[in-house]
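Q: Sequence first, then the predicted structure:
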Amino acid sequence: MRDSLLDSRPVPLDAAPHPASRRRRQPLPWLAGALLLLFLLIPVVALVWKAGGSAQFWPALRQPLVVHALRLTALTSLISLVVALLLGTPLAWLMARRDFPGRGLVEIVIDLPLVLPPVVAGVALLMAFGRNGLLGQELRLLGLEIPFSTTAVVMAQLFVSVQF
């Protein structure tokens, strides 16, 4: 049993329930999962239904500005995915396989962006990497201008999604 929030050692594999006990039907988790999936899916379906039903929707997708925005979104998402895989996988391996001092603190830092409202996360990134931010002067000396750039978009995407 864990005695503190910062003590997040991995649970031993032998602590898992016996496979035979998993075979029983448990409707509550399925029902809860189905309700959550409906909650996530209904707004997306509504958006596609409302927008897709508009006569202006499909022609608007072919506008140069929209095509550029979609390509930029795909590019930044791909870059975020690659960076998350390259940096996140080794950290996830360490967190799952090793017990080390400060492990609980690392887990808190990883999960912190999940509880921050998006606006607060954006302001925090700006205060850290903006022109007048914590690292702004150093980045400017290196010739890097992060605010309002594609790099900033990738950083924001990583900040809010790397936990997954």
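A: Received the coordinates, thanks.
Q: tell me the SS of L134?
A: What DSSP: H, G, I helix; E, B strand; the rest coil gives for L134 is coil.
Q: how near is it to Q163?
A: 22 Å (C-beta to C-beta, to the nearest Å). Bear in mind the C-beta positions are built from the backbone N, C-alpha and C, glycine included.
Q: Not counting its neighbours along the chain, what's nearest L134?
A: Nearest residue to L134 in three dimensions, chain neighbours excluded: A128, at 5.0 Å (C-beta to C-beta, 6 or more residues apart in numbering).
Q: ok, L134 and Q163, which is more surrounded?
A: Q163 (14 against 11; other C-beta atoms under 10 Å).
Q: so where is the protein shaky, pLDDT-wise?
A: Within the chain, the segments meeting pLDDT under 70 span 1-24.
Q: cutoff 80 now
A: Scanning the chain for pLDDT under 80 picks out the ranges 1-25, 52-54.
Q: In it, which helix is the longest?
A: helix 27-52 (DSSP state H).
Q: Which helix or strand lies directly C-terminal to it?
A: Where DSSP states H and E defines the elements, the next helix or strand beyond helix 27-52 is helix 57-60.
Q: Sort out which residues of the helix or strand following that next one are buried, please.
A: Once the chain leaves helix 57-60, the next helix or strand it forms, by DSSP H and E, is helix 64-83. Residues 76, 79-80 are the ones in helix 64-83 that count as buried (16 or more other C-beta atoms under 10 Å).
Q: Can I get those in JSON lines including distance to H68?
A: Putting the buried residues of helix 64-83 into JSON lines (distance: C-beta to C-beta, whole Å) gives the following:
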{"residue": "T76", "distance to H68": "12"}
{"residue": "I79", "distance to H68": "16"}
{"residue": "S80", "distance to H68": "18"}
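Q: Specify which member of these is nearest to Q26.
A: Nearest to Q26 among the buried residues of helix 64-83 is S80, at 35.7 Å by C-beta to C-beta.
Q: How about that closest one: what's its closest non-neighbour residue?
A: Using C-beta to C-beta, 6+ apart, the nearest residue to S80 is Q157, at 4.1 Å.
Q: Tell me how many other residues crowd that neighbour.
A: Q157 is flanked by 18 other residues according to other C-beta under 10 Å.
Q: Can you tell me the SS state at it?
A: The local conformation at Q157, judged by three-state DSSP, is helix.
Q: Please name the residues that touch it.
A: 76-77, 80 (C-beta atoms under 8 Å, 6 or more residues apart in numbering).
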